[in-house]
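A.B. asks: sequence? don't have it. structure:
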């Protein structure tokens, strides 16, 4: 059984983060032709010290969001998670040949907007971070928020590698 210490939060329940946890918000949409029923995005917990994702075969902290390929509008997802850094899963890197990718910092006690991840006509994932322009949209999607939503700080991190679990 794979343990994940990241929980999706229903829109109405996004209010305030706990002092020892963070809340991360991501947007996901499909603008290009996607050949599968759903488009999924995963952001994995990342250790700056080890320069690797923190997962193993038993515990693997990650945010996962999925939208129908038929949905043209942006959908938002919120997650309660351990504070720290998160980056693209090795399965959906925007440029799999790049040596570095963006990492996103989610601090404790804060609601953090990471950005909108869009599958484009160019068959790539584009990150759009037009904050504070998106602030009104986030307040509409999450009407019960009682604290300020902050834009995630970014840092370049070493491209994460897959890990393999076998019996």
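C.D. replies: Thanks, I have the structure now. Note that the structure is a prediction, hence the values are computed from the model and not measured. Numbering: from 1, shown residues only.
A.B. asks: for residue 93, give me the pLDDT.
C.D. replies: As predicted, residue 93 sits at a pLDDT of 65.
A.B. asks: hmm, I typed the wrong one, I wanted residue 85.
C.D. replies: We have a pLDDT of 98 for residue 85.
A.B. asks: settle this for me: it is touching residue 103, isn't it.
C.D. replies: Yes - look at residue 85 against residue 103 with C-beta atoms under 8 Å: they come within range, at 4.7 Å. Backbone N, C-alpha and C define where each C-beta goes, glycine included.
A.B. asks: got any residues that touch both of these two?
C.D. replies: Listed contacts common to residue 85 and residue 103 are 46, 48, 155, 157; contacts here mean C-beta atoms under 8 Å, 6 or more residues apart in numbering.
A.B. asks: so in terms of bridging, what pairs with the residue lying closest to the second one once chain neighbours are set aside?
C.D. replies: Beyond its immediate neighbours in the sequence, the residue positioned closest to residue 48 (C-beta to C-beta, 6 or more residues apart in numbering) is residue 85, lying 5.8 Å away. Taking DSSP bridges, one obtains residue 46, residue 105 as the residues bridged to residue 85.
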